[in-house]
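[1] Sequence and predicted structure, then a few things I'm wondering about:
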Amino acid sequence: MGSEGPAAVTIHVTGFKKFHGVSENPTETIVSNLKEYTKKNGLPKGLILGSCSVLETAGQGALTPLYQTLQSALNGKDSESSSSGRIIWLHFGVNSGASRFAIEHQAVNEATFRCPDEMGWKPQQKEPIIRADGGISRVRQTSLPVEEITKALAKKGYEVMTSDDAGRFVCNYVYYHSLCFAEQNGTKSLFVHVPLFLTIDEETQMKFAASLLEVLTSLCQ
């Protein structure tokens with residue numbers, strides 16, 4: 001009915017554990033503390049904060065838990081909370097050399113890891129991430145408006161940019177799988193790279209994550 005207002009948006013969030021060269025991954029802290037942080041500071045109207053999961057920083061070895069996490073969002077939705085079109089997967093990863101946040105526009109169907117992942121896998125032959133999807137030049141893009149998201153966050157005072165290169169390591173690997181899953185299931189997916197806490201402190205990054213939830217909710221209602 002017209003008086004019911006817009007349907008809720010459900011956002012599920014993932015981060016990563018430590019990996020080679022990054023002994024403390026800020027995304028593990030952000031995602032682990034996000035529910036408590038939003039409980040204390042409030043959630044935007046119309047947002048349901050779903051699961052907050054921390055993944056192993058691994059490619060093939062972490063696919064089963066990744067897909068279990070993605071599928072659980074669809075299995076857990078009910079008619080009152082949201083249709084699949086109002087489910088967003090928000091993935092956080094760290095770029096240790098970055099000085100600002102990056103909203104990732106796309107992922108590439110290529111796995112060429114610069115070092116072994118946390119389960120010892122190191123693809124070096126420019127392998128396609130999903131062979132059935134075609135060659136390593138295949139790109140998948142998020143259906144979310146990255147430019148609008150970036151501008152909205154910049155207006156809130158954050159150092160943030162739009163990026164077309166999520167790397168070729170685990171972040172890109174997970175994002176590609178998530179974008180493929182989102183297209184098949186009518187959901188949305190977004191990957192965001194954050195700097196180390198040494199570059200942008202933890203409190204600012206928690207505020208950024210909460211602001212991002214707010215922006216995504218307003219754009220998707």
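    Thanks, I have the structure now.

[2] element containing the residue nearest to the spatial centre of the chain, please.
    For the chain, residue 91 is the residue whose C-alpha lies nearest the centre (C-alpha atoms, centre = their mean; 1.4 Å). In the assignment (DSSP states H and E), residue 91 maps to strand 87-94.

[3] immediately after that strand, which helix or strand?
    Under the assignment DSSP H and E, the closest C-terminal helix or strand after strand 87-94 is strand 101-104.

[4] Now for the protein, the helix or strand with the poorest mean pLDDT.
    Across the helices and strands of the chain, mean pLDDT, DSSP states H and E gives its lowest value to helix 63-76, namely a mean of 84.

[5] tell me the angle that helix makes with strand 87-94.
    For helix 63-76 against strand 87-94, the angle by axes from the mean of the first three to the mean of the last three C-alpha atoms, to 10 degrees is 150 degrees.

[6] The residue nearest to residue 153 when sequence neighbours are not counted: what's it in contact with?
    Once flanking residues are discounted, residue 153 sits nearest to residue 160: 4.6 Å by C-beta to C-beta, 6 or more residues apart in numbering. From N, CA and C alone the C-beta is placed, and that goes for glycine too. Residue 160 is in contact with 100, 101, 102, 103, 150, 153, 154, 208, counting by C-beta atoms under 8 Å, 6 or more residues apart in numbering.

[7] Mind giving me the PyMOL command for buried ones among the residues you listed?
    Selecting only the buried entries of the contacts of residue 160 in PyMOL, with 16 or more other C-beta atoms under 10 Å as the criterion:
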select buried, resi 101+102+103+150+153+208
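
[8] In JSON lines: the contacts of residue 160, plus distance to residue 133 and pLDDT.
    As requested, the contacts of residue 160 are exported to JSON lines (distance: C-beta to C-beta, whole Å; pLDDT from 0 to 100):
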{"residue": "100", "distance to residue 133": "31", "pLDDT": "98"}
{"residue": "101", "distance to residue 133": "28", "pLDDT": "98"}
{"residue": "102", "distance to residue 133": "24", "pLDDT": "98"}
{"residue": "103", "distance to residue 133": "23", "pLDDT": "98"}
{"residue": "150", "distance to residue 133": "27", "pLDDT": "98"}
{"residue": "153", "distance to residue 133": "30", "pLDDT": "98"}
{"residue": "154", "distance to residue 133": "33", "pLDDT": "98"}
{"residue": "208", "distance to residue 133": "32", "pLDDT": "98"}
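
[9] which one among the contacts of residue 160 gets closest to residue 122?
    residue 102 (24.3 Å; C-beta to C-beta).
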